[in-house]
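Participant: A structural model of the following input is requested.
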Amino acid sequence: MTGRVKRKAGLAAAAARAAAEAAPPPTCALCERPLGARVEWHHLVPKSEGGRVTAPVHPICHRTIHATLPNGELARAYADPAVLRDHPAIARFLRWVADKPADFSVPVRRGR
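Facilitator: Presented below is the predicted three-dimensional model:
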């Protein structure tokens, strides 16, 4: 009986692997580039403001969001990634990072 269970589990795992390979790679909620090996989860409304919904982002994208906007402003006006992309400083960052590899990383400066 245990042999049968193992075979079923093996088939299910193989089917899940095949589905994962066939699916397109997940993308960053901010820059929409494919995600790399390191993924961070950005709270669309910051936890300090009561948010629970998260979205996958590159570490550099996550740091840029928080270096550019305070949590209160993120909660009030920029909870939607599409709206966040339209912020002038974020839009400038997105143009710059567009051709970088998925795991690209540099230090991020705070907004002025």
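
Participant: what residue ranges in the protein score low on pLDDT?
Facilitator: Along the chain, segments meeting pLDDT under 70 span 1-24, 111-112.

Participant: can you give me the strands in it?
Facilitator: Using DSSP state E, the strands of the chain run over residues 40-43, 54-57.

Participant: Give me the buried stretch members for the first one, please.
Facilitator: For strand 40-43, the neighbour count (16 or more other CB atoms under 10 Å) marks 40, 42, 43 as buried. Any C-beta I mention is one placed from the backbone N, CA and C, and that applies to glycine too.

Participant: Would you mind checking which of those residues is nearest to residue 26?
Facilitator: When those are compared for distance to residue 26, the smallest value, 12.7 Å, is given by residue 40; criterion: CB to CB.

Participant: and the residue lying closest to that closest one once chain neighbours are set aside, how far is that from residue 87?
Facilitator: Spatial nearest neighbour of residue 40, chain neighbours left out: residue 62 (4.5 Å); criterion: CB to CB, 6 or more residues apart in numbering. Separation of residue 62 from residue 87 (CB to CB, to the nearest Å): 15 Å.

Participant: one step back: relative to residue 108, which of the buried residues of strand 40-43 is nearest.
Facilitator: Once CB to CB is applied, the member of the buried residues of strand 40-43 that ends up nearest residue 108 is residue 40, at 12.5 Å.

Participant: Surely the closest one touches residue 55?
Facilitator: No - with contacts counted by CB atoms under 8 Å, residue 40 stays clear of residue 55, the gap being 9.8 Å.

Participant: Among the strands of the chain, which comes closest to residue 78?
Facilitator: For residue 78, the closest of the strands of the chain is strand 40-43, at 10.9 Å, according to CB to CB.

Participant: So which other helices or strands are in contact with the closest one?
Facilitator: strand 54-57, helix 59-68 (3 or more CB pairs under 8 Å, 6 or more residues apart in numbering; DSSP states H and E).

Participant: Quick one: the ones you listed as JSON lines, columns for mean neighbour count too.
Facilitator: Written out in JSON lines, the entries for these read as follows (neighbours: other CB atoms under 10 Å):
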{"stretch": "strand 54-57", "mean neighbour count": "16"}
{"stretch": "helix 59-68", "mean neighbour count": "20"}
